[in-house]
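J.: With the sequence up front, the predicted model follows.
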Amino acid sequence: MSVLKYLPLLRANLWRRRIRTLLTFASVATAFLLFGLLMALRHAITGGIELTGADRLMTMHKMSFIMSLPRSYVQRIAAVEGVRSVTAASWFGGYYRDERATIVAQVADADTLFAVYPEIDLPAAQHAAWLADGSGMIVGQALANANKWKLGEVIPLHSNIFRKQDGSNVWDLRIDGIYRNTAGGDTNALFFHYQYFNETRSFGRDRVGWLILRVKDPAQSPAVARRVDALFANSDAETKTSSERAFAQSFINQVGNIGAIIAIVVGAVFFTMLLVTANTMGQSIRERTAELAVMKTLGFRGGQILALVLCESLLLTLLGAAIGMLLARGMAAGARQALQQYLPLLGVPPGAMLAALAIATVLGLLAGALPAWNAWRLRITDALRQGG
Amino acid sequence: MSAIIALRGVSKHYRRGNEDLAVLSDFDLDIEARDFVAIMGPSGSGKTTLLNLIGGLDSPSSGQIVVVGKRLDELSGSALAHWRARHVGFIFQFYNLMPALTAERNVELPLLLTSLSTADRRRRVAAALELVGLADRARHKPGELSGGQQQRVAIARAVIADPTLLVCDEPTGDLDRHTAEEILGLLQALNRDQGKTIIMVTHDPKAASYASHQLHVDKGRLVRMDAAGA
Ligand SMILES: Nc1ncnc2c1ncn2[C@@H]1O[C@H](COP(=O)(O)OP(=O)(O)OP(=O)(O)O)[C@@H](O)[C@H]1O
Ligand SMILES: [Mg+2]
């Protein structure tokens, strides 16, 4: 049967008890709003993991992430069997005007950076300009937008770690390029040249923060990691090499098992929502017993009545879910503006929208199941005798 | 003229606990096409039960029922529903309209089961409301209409799919004398002008006099069949 011609009937039935219907909508919408926001938060926190390269390893000081390594490790690791390319990075501890707003500023090797991070997408002309400009930098699109930085602008970047030989902690860096991320990862960082940094800084000469290496075969990553660490065993600076993904994961594990918490909260909220909706549907159908019997009298078959009741229930949950998810999207987008620096991936992912659709469908069918079943087997003569 | 309704040895029992309650026993009945029959009898005599069997709302415990050429006692539930939608219009004492729907949506309801287009449905609904004199109340809900007007809407709904047979259970039982006469006049006109066969249960001899035949039922048996005014 064509559903469209039944819409006026469905709408009239839902709308006859406005308050009750609106309260049910509100409860469904609230449940999905919470679901959407939690999914957005989870995506913001863990989304980076999926975006990290499976074929990338990180080598850092065995003692601590903040201890530096000799620059010479770059050449030695490049020679290890199974390593395709390697680049070094250092944490600059940068900020722009506000000391509390730390910027992800990294000191990088321009000639190897792109081999290790192929997802960094920079126009060829800007790429060339940066290589030619010793005191230039490249800035992620999101970071540029957040600070309203333009190509060619010279930015005084402060460091809360390093000082120059003249005592200042400000490096003037020209924006030679603004990059995007083809893998959908965040673009909240900036990179500038190691050589310029190394020549001007007052301490920590010829040392780098960590090394990032790309392996030839991701399956060989554990073996490569072992080989690298073996190379520096018993030296002044022993290393610990792990996959970038494992590194990101271990970082997130410190935040707690977010997935489990979200599952529990969302499960409880959806269960409550199911009870509310099922109760609404149950009451609504009980009130209309005589009407349903009349529809059967007119020739509507049991299956059609059942379908109509389920449609009504689905309308409640699907519309409620749509409202809730749209609100969640709006709120996540609003929060992303404010939290750009901290949660650049904040936003309801498309997968969550699909999940919401599936959940709303299942909950709608569940909530309507019992009333629909009762309506289906309703005997006309009994119902009319009682209701008439 | 041929019988459009034929009951042969029809019985209807209800089990209540261990008791077996015979509501209709060994009932035989023939009604001609285009007839207007009033069924009378004391309360509890089985009139509504008989009407439900003829209208295909219920099945007999035993016996044969043929209505508009179909053996109703052999049809399944959904086949009966399909048959009702095509052949029977129902009119009840308490109108039984959908309170949330406007008059025109109520009248349209049976047409949702057909393949008619929206425009065709609209046209037929307008014609049916015109027929019962309620064209100007199309957008009113049942709660905004008087009892007589609600019953007119119910009549429009009963005839919208052009059924062969109209089944009415005390259609004027809830109306004052004057309004009742209007409704009965409308039924009479449907019988006379459109050839609808009408079976009407009533307690009111005055109402029964609008019919061409009167049937008397007592304790689940047919006692007599009179011509009107005889
Ligand atoms: N579903 C049922 N279960 C048990 N008994 C029933 C059922 N339906 C009807 N009856 C009984 O059958 C008898 C006839 O009922 P029916 O409704 O046909 O009478 P009626 O002639 O229409 O009465 P009234 O004039 O009061 O409407 C009554 O005694 C009633 O209690
Ligand atoms: Mg009765």
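T.: Perfect, thanks for sending it. What you are looking at is a predicted structure, and each value in this text was computed from that prediction instead of being measured. Ligands and ions are numbered 1, 2, ... in the order given.
J.: Run a quick neighbour tally on the closest residue to ligand 1 within the stretch 101-250 of chain A.
T.: When distances are taken as C-beta to the nearest ligand atom, the stretch 101-250 of chain A approaches ligand 1 most closely through A:Gly184, which lies 65.6 Å from it. Heads up, the C-betas are built off the backbone N, CA and C, glycines and all. Residues near A:Gly184, counting by other C-beta atoms under 10 Å in any protein chain shown, number 12.
J.: and if you look at A:Ala78?
T.: A:Ala78 has 15 nearby residues by other C-beta under 10 Å.
J.: can you check B:Ser59 too?
T.: Using other C-beta under 10 Å, the number of residues around B:Ser59 comes to 17.
J.: and it, that's in a helix?
T.: No. Note on B:Ser59: no helix contains this position according to DSSP: H, G, I helix; E, B strand; the rest coil, which reports coil.
J.: Check it and give its pLDDT.
T.: The model reports B:Ser59 with a pLDDT of 93.
J.: Give me the phi and psi for the nearest residue to A:Asn160 once chain neighbours are set aside.
T.: With C-beta to C-beta, 6 or more residues apart in numbering or on different chains as the criterion, A:Asn160 has its nearest non-adjacent residue at 4.5 Å, and that residue is A:Gly93. Listed backbone geometry of A:Gly93 is phi 70, psi 50, with angles given as degrees, to the nearest 10.
J.: secondary structure class for residue 7?
T.: Defaulting to chain A. For A:Leu7, the assignment made with three-state DSSP gives helix.
J.: oops, I was thinking of chain B
T.: Classified using three-state DSSP, B:Leu7 is strand.
J.: And it, how far from A:Gly184?
T.: Using C-beta to C-beta, to the nearest Å, B:Leu7 is found at 75 Å from A:Gly184.
J.: so who does A:Arg17 touch?
T.: Residues touching A:Arg17, when contacts are defined by C-beta atoms under 8 Å, 6 or more residues apart in numbering or on different chains, comprise A:Ser284.
J.: Could you measure from it over to ligand 1?
T.: Relative to ligand 1, A:Arg17 is positioned 30 Å away (criterion: C-beta to the nearest ligand atom, to the nearest Å).
J.: Please apply the same query to B:Phe36.
T.: Following C-beta to the nearest ligand atom, the distance that separates B:Phe36 from ligand 1 is 19 Å.
J.: That residue: how many residues sit nearby?
T.: Residues near B:Phe36, counting by other C-beta under 10 Å, number 22.
J.: what sits against it?
T.: With C-beta under 8 Å, 6+ apart, B:Phe36 has these contacts: B:Leu187, B:Gln188, B:Asn191, B:Thr197, B:Ile198, B:Met200, B:Tyr210, B:Ala211, B:Ser212, B:His213.
J.: What secondary structure category should be reported for the second one?
T.: Here B:Gln188 is recorded as helix under three-state DSSP.
J.: how close does the closest residue to it other than its chain neighbours sit to B:Gln151?
T.: Once flanking residues are discounted, B:Gln188 sits nearest to B:Tyr210: 5.3 Å by C-beta to C-beta, 6+ apart. Using C-beta to C-beta, we find B:Tyr210 at a distance of 15 Å from B:Gln151.
J.: do B:Ser212 as well
T.: The span separating B:Ser212 from B:Gln151 equals 21 Å under the rule C-beta to C-beta.
J.: Which one of the two is surrounded by more residues?
T.: Neighbour tally, B:Ser212 and B:Gln151, criterion other C-beta under 10 Å: the higher count belongs to B:Gln151, 28 against 17.
J.: which SSE is the more buried one in?
T.: Applying DSSP states H and E as the criterion places B:Gln151 in helix B:147-159.
J.: Below-threshold pLDDT in the stretch 101-250 of chain A: ranges please.
T.: Per-residue confidence for the stretch 101-250 of chain A (pLDDT under 70) gives these ranges: A:248-250.
J.: returning to that earlier point: now the helix holding B:Gln151 - C-alpha only, PDB.
T.: Extracted C-alpha coordinates of helix B:147-159, given in PDB (Å, rounded to 0.1, in the frame of the first residue of the first chain):
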ATOM      1  CA  GLY B 147     -25.700  13.700  15.900                       C
ATOM      2  CA  GLY B 148     -27.800  13.900  12.800                       C
ATOM      3  CA  GLN B 149     -24.900  15.400  10.800                       C
ATOM      4  CA  GLN B 150     -22.500  12.800  12.100                       C
ATOM      5  CA  GLN B 151     -24.900  10.100  11.000                       C
ATOM      6  CA  ARG B 152     -25.000  11.700   7.600                       C
ATOM      7  CA  VAL B 153     -21.200  11.600   7.400                       C
ATOM      8  CA  ALA B 154     -21.400   7.900   8.400                       C
ATOM      9  CA  ILE B 155     -23.900   7.300   5.600                       C
ATOM     10  CA  ALA B 156     -21.700   9.100   3.100                       C
ATOM     11  CA  ARG B 157     -18.800   6.900   4.300                       C
ATOM     12  CA  ALA B 158     -21.000   3.800   4.000                       C
ATOM     13  CA  VAL B 159     -21.900   4.500   0.300                       C
END
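J.: which residues of the stretch 101-250 of chain A fall in helices?
T.: With helices called from DSSP state H, counting those that start in this stretch, the stretch 101-250 of chain A shows them at A:110-116, A:124-132, A:141-147, A:194-200, A:221-231, A:244-253.
J.: do the same with chain B
T.: Assigned by DSSP state H, the helices in chain B fall at B:47-54, B:77-87, B:103-108, B:118-131, B:147-159, B:177-194, B:205-208.
J.: Can you lay out the helices of the stretch 101-250 of chain A as JSON lines showing distance to A:Ser85 and mean neighbour count?
T.: Shown next, in JSON lines, are the helices of the stretch 101-250 of chain A (distance: least, C-beta to C-beta, whole Å; neighbours: other C-beta atoms under 10 Å in any protein chain shown):
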{"stretch": "helix A:110-116", "distance to A:Ser85": "4", "mean neighbour count": "18"}
{"stretch": "helix A:124-132", "distance to A:Ser85": "16", "mean neighbour count": "15"}
{"stretch": "helix A:141-147", "distance to A:Ser85": "24", "mean neighbour count": "18"}
{"stretch": "helix A:194-200", "distance to A:Ser85": "16", "mean neighbour count": "16"}
{"stretch": "helix A:221-231", "distance to A:Ser85": "12", "mean neighbour count": "17"}
{"stretch": "helix A:244-253", "distance to A:Ser85": "14", "mean neighbour count": "16"}
